[in-house]
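> sequence below, structure please.
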Amino acid sequence: MEKIIAGVHKFRRTEYVQNREFFEQLATKKQRPTALFITCSDSRVDPNLITQTEPGDLFLIRNAGNIVPPYHAGSGGEAATVEYSVEALGIRHIIICGHSQCGAMEALLLHPDEMAHLPAVKAWCGHAESTRRIVQQKYRGLSPEELAVAATEENVLVQMNNLSTHPSVAARLASGELQVYGWYYDIGRGRIYQYDQRQGRFTQLDGEAFAAQPLPIRAGAATVPAV
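Coordinates of the predicted model:
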């Protein structure tokens, strides 16, 4: 806690003082985020850092495994946040971003026994059951490291399809008012790979961002970046 409290004091003394007008504008104007960014709760993943965005730019959903339960799974924080971002905030871009060394994906595929004493986590990962089956069916003979990458990429595709079951998303996808992107963040290399629907695989994001439309996308389309 000492580091956190020291950071709060430093923020007040430096960042806030130097950017007081910016923060005052944030407080007085309605938020106008550019995108809804859905990613893992992993402490090593910082959406604003890797996109170099500022407060107010990204609307966020963070949970274990960057999971979006399908709409019929019942009401929850993810469904409410998706709906609010699209209907109330008018967001036109949604990014689902998985990452390297994802504990949720490694537990799902490589170490399922580790979830035996974590019933809530096990139940939550049930929303990635399609991911587990796709990987088991398609990716045989891979090393554990390669398998973890394939699972994370496939999970991004599965969650993109889950996202398309939400009525607010489906309606705007149909009208062309919304775009959905699938990303994989390699923490150690500082690289973003994006799902390129034209090629049916993940490629490094070097220039243009490719949206995956229309959904649903083809499952079993992950490629494994070098590990």
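
> downstream of the lowest-mean-pLDDT helix or strand in the chain, the next helix or strand is which one?
None of the helices or strands of the chain scores lower by mean pLDDT, DSSP states H and E than helix 103-109, at a mean of 87. Per DSSP states H and E, helix 103-109 leads on to helix 119-125 as the next helix or strand towards the C-terminus.

> buried ones in that following helix?
If you call a residue buried by 16 or more other Cβ atoms under 10 Å, then helix 119-125 has these buried ones: 121, 124-125. Bear in mind the C-beta positions are built from the backbone N, C-alpha and C, glycine included.

> packing partners for it?
Under the contact definition 3 or more Cβ pairs under 8 Å, 6 or more residues apart in numbering; DSSP states H and E, helix 119-125 sits against helix 103-109.

> where do the strands of this protein begin and end?
Using DSSP state E, the strands of the chain run over 35-40, 58-63, 93-99, 179-186, 191-196, 201-204.

> so the longest one versus strand 93-99, what angle?
Pointing back at strand 179-186 there. Strand 179-186 and strand 93-99 are oriented at 20 degrees to each other (axes from the mean of the first three to the mean of the last three Cα atoms, to 10 degrees).

> next one: strand 179-186 to chain centre, how far?
Chain-centre distance of strand 179-186: 7 Å, with Cα atoms, centre = their mean, to the nearest Å.

> ok, now the second one?
Taking Cα atoms, centre = their mean, one finds the center of strand 58-63 at 8 Å from the center of the full chain.

> again with the first one
Relative to the chain's own centre, strand 35-40 is displaced by 5 Å; criterion: Cα atoms, centre = their mean.

> residues contacting it, please?
With contact meaning Cβ atoms under 8 Å, 6 or more residues apart in numbering, strand 35-40 is reached by 45, 47, 51, 57-66, 68, 81-82, 85-86, 91, 93-99, 102, 104, 159, 163, 185.

> ok, now the fifth one?
Under the contact criterion Cβ under 8 Å, 6+ apart, strand 191-196 has outside partners 50, 97, 153, 156-157, 160, 181-186, 201-205, 209-210, 212, 217, 221, 225.

> show me which of those residues are buried.
50, 97, 153, 156-157, 160, 181-186, 202, 205, 210, 212, 217, 221, 225.

> so where's the longest helix in this protein?
The longest helix of the chain (DSSP state H) is helix 144-163.

> which sections of this protein are below the confidence cut-off?
Residue ranges of the chain with pLDDT under 70: 214-215, 218-227.

> let me see the domain layout of it.
With domains defined by automatic domain parsing, the chain comprises 1-30, 34-204.

> for the ones you listed, which one ends up most surrounded?
Mean neighbours per residue, mean count of other Cβ atoms under 10 Å, is largest over the domains of the chain for domain 34-204, with a mean of 18.

> give me the distance from that one to the chain's centre.
Computed by Cα atoms, centre = their mean, the chain-centroid distance of domain 34-204 equals 4 Å.

> about what we covered before: can you redo the buried residues of helix 119-125 as CSV with distance to residue 14?
Formatted as CSV, these follow (distance: Cβ to Cβ, whole Å):
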residue, distance to residue 14
121, 38
124, 38
125, 40
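
> of the residues you listed, closest to residue 27?
Taking Cβ to Cβ as the measure, residue 27 lies nearest residue 124 of the buried residues of helix 119-125, at 34.2 Å.
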